[in-house]
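>>> with the sequence up front, the predicted model follows.
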Amino acid sequence: MFTYILYPGWNQEMNGDNSDKKTEDDVEYHRYPYSYGEAGKDSIHTSPGSDNAEPEVTEPEETSATGEAVETTAEADIYQTMADNIADDDPVDEVPVEEKKEKTEYKQEKTINATTSYAEPSREPPVVKKKSRKWQYITIVAVLLFVIGASFAVIYQTFNGDLYSSNDKVAVIYVQGTLITSSIPGGLGYVSSEEISDNIRKALRDEDVKAIVLRVNSGGGSSTAGEEVYTEVKKASDSGVPVIISMGDVAASAAYHLSAPADLIIANPSTMTGSIGTIWTFQNLSAYYSDEGIEFYIVKSGEFKDMGGAWRGLSDDEKEYANKVVAEVYGNFVRDVAEGRGLSISEVKALADGRIYTGREAKELGLVDEFGNLYDSIDRAAEMGGIQGDPTIIYMNKPSLSSLLFGSESEATVSSEEFLRYYEESPYGQIS
């Protein structure tokens with residue numbers, strides 16, 4: 001598209017003394033030297049009214065925005081209209097230029113909006129390739145499958161492999177490790193009397209449990225812990241639920257103490273059992289402290305208040321008192337064994353010098369009833385509980401997948417050393 005520009009001054013000549021001249025001779029038209037249709041090419045045009053006219057180069061106006069280009073085009077259209085009127089001897093339209101510019105502005109604005117100016121850069125957004133989420137979906141599915149599988153395994157272990165158990169059950173409770181009176185979790189080489197007692201009570205609350213088997217594998221421990229479990233075993237037996245002891249490698253001292261009131265004791269011929277007696281241990285590190293130059297200043301309210309302190313040995317009075325305490329605990333042990341095994345006090349004392357017995361010797365002495373392993377003990381428990389056919393076995397505290405995965409609150413926050421410090425580092429020694 002070419003634009004024609006009417007040069008200024010023509011109005012004076014037409015309205016002056018030269019009005020008799022031909023209008024077309026007094027008006028020069030020049031094509032606008034730039035074409036918007038061709039980018040990057042500047043064209044020079046001459047006037048159509050004269051073949052001999054020298055070409056005139058018109059410098060284009062520099063426009064930095066679309067609005068300036070629209071204004072130039074609007075003015076050119078107005079001047080073109082006025083020139084056409086003069087050429088046709090029509091009266092000149094006296095409408096102000098600004099008003100005509102406003103009338104043509106809408107038309108030009110539509111053209112500019114529909115096209116992109118040569119000065120405007122492309123505004124198309126860049127194409128971004130979306131990342132594949134294939135592996136994210138695969139990971140989520142894998143995690144969900146793992147959680148579902150773990151949950152099913154926990155449920156399966158909770159029901160001991162039998163989700164549809166019968167009404168005839170035999171509860172198996174493990175007594176493994178050194179006996180102590182604490183809430184320490186099982187499986188750390190120690191066993192808590194609280195845990196064993198709690199599991200016995202749970203089994204008794206289940207009306208479907210017809211018998212209880214205690215699988216004992218312990219060299220003893222705290223005398224008090226043995227007495228606590230002894231009490232619960234006796235209560236269970238007196239309630240009419242048979243309690244059977246299955247001895248493993250060793251069931252001695254406090255471990256034999258808790259076994260005494262059971263309805264039946266089954267051991268292996270090589271099981272180490274017995275060790276009926278009491279011991280109280282004290283440490284005397286006074287020589288060590290002396291060599292290291294460590295001194296203690298003791299303030300006490302009574303003569304026996306620092307008895308058992310490692311900074312000195314026992315006095316004669318303290319030794320006499322210690323013997324008295326041991327004799328009392330030992331007497332309780334002997335009476336409990338005599339009552340549980342149906343023996344006299346003298347018979348038990350003849351055996352209770354602290355020695356251990358093999359399973360075979362213990363059976364001859366009346367401390368053990370039969371030989372057999374764990375499953376023999378379960379069969380005998382089912383028989384004594386009046387169960388016909390194969391019983392459903394419920395392992396009350398056997399290490400399971402759920403305990404390995406989730407553990408317990410105390411196990412996760414407190415170490416085993418903190419649990420056992422009171423027992424291992426007791427200033428009063430250890431009675432067992």
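Alright, I've got the coordinates. Worth saying up front: this structure is predicted, and the values here are computed from it rather than measured. Numbering: from 1, shown residues only.

>>> every contact and neighbour count from this point should use C-alpha atoms.
Fine.

>>> quick one: low-confidence parts of the chain?
The chain contains residues with pLDDT under 70 at 1-131, 154-166, 184-188, 399-432.

>>> and the strands in it, which stretches?
Ranges of strands within the chain are 4-6, 29-31, 169-176, 178-180, 190-192, 209-218, 243-252, 264-267, 272-274, 280-281, 356-358, 370-371, 392-395, 430-431, based on DSSP state E.

>>> can you add mean neighbour count and distance to residue 299 and give these back as CSV?
Output for those, formatted as CSV (neighbours: other Cα atoms under 10 Å; distance: least, Cα to Cα, whole Å):
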stretch, mean neighbour count, distance to residue 299
strand 4-6, 18, 120
strand 29-31, 20, 121
strand 169-176, 25, 41
strand 178-180, 23, 31
strand 190-192, 24, 35
strand 209-218, 26, 40
strand 243-252, 27, 40
strand 264-267, 25, 51
strand 272-274, 27, 42
strand 280-281, 12, 24
strand 356-358, 20, 42
strand 370-371, 20, 56
strand 392-395, 21, 52
strand 430-431, 16, 24
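
>>> right, so of those strands, which gets closest to residue 308?
Residue 308 lies closest to strand 280-281 among the strands of the chain, at 8.8 Å (Cα to Cα).

>>> just checking: what are the partner strands of that closest one?
According to DSSP bridges, strand 280-281 forms sheet pairs with strand 430-431 (antiparallel).

>>> ok, now which ones touch residue 269?
358-360, 371 (Cα atoms under 8 Å, 6 or more residues apart in numbering).

>>> gap between residue 358 and residue 274?
8 Å (Cα to Cα, to the nearest Å).

>>> now do residue 341
Taking Cα to Cα, one finds residue 341 at 13 Å from residue 274.

>>> what do those two both touch?
residue 367.

>>> got the strands of the chain as TSV, with distance to residue 138 columns?
Below are the strands of the chain laid out as TSV (distance: least, Cα to Cα, whole Å):
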stretch	distance to residue 138
strand 4-6	70
strand 29-31	70
strand 169-176	42
strand 178-180	48
strand 190-192	44
strand 209-218	46
strand 243-252	48
strand 264-267	54
strand 272-274	56
strand 280-281	61
strand 356-358	59
strand 370-371	56
strand 392-395	38
strand 430-431	58
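
>>> to residue 295, which of those lies closest?
Smallest distance to residue 295 across these (Cα to Cα): 23.0 Å, for strand 280-281.

>>> hmm, back to that, how about the contacts of residue 269 in CSV, adding distance to residue 331?
Converted to CSV, the contacts of residue 269 look like this (distance: Cα to Cα, whole Å):
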residue, distance to residue 331
358, 23
359, 24
360, 26
371, 29
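
>>> between these, which is nearest residue 141?
For the contacts of residue 269, the minimum distance to residue 141 (Cα to Cα) is 52.5 Å, reached by residue 371.

>>> residues contacting the closest one?
Contacts of residue 371 (Cα under 8 Å, 6+ apart): 266-269, 359.

>>> also residue 357?
Residue 357 touches 272-275, counting by Cα under 8 Å, 6+ apart.

>>> and residue 247, what are its bridge partners?
Assigned bridge partners for residue 247, using DSSP bridges, are residue 216.

>>> that one touches residue 216, doesn't it?
Yes. Residue 247 lies in contact with residue 216 (Cα atoms under 8 Å); the separation is 5.0 Å.

>>> hang on, residue 335 packs against residue 345?
Yes. Applying Cα under 8 Å, one finds residue 335 in contact with residue 345, separated by 6.4 Å.

>>> count of residues packed around residue 147?
Using other Cα atoms under 10 Å, residue 147 is surrounded by 11 other residues.

>>> distance of the spatially closest residue to residue 173 that is not a sequence neighbour from residue 303?
Counting by Cα to Cα, 6 or more residues apart in numbering, the nearest residue to residue 173 once its immediate chain neighbours are dropped is residue 214, at 4.9 Å. Per Cα to Cα, residue 214 is found 44 Å from residue 303.
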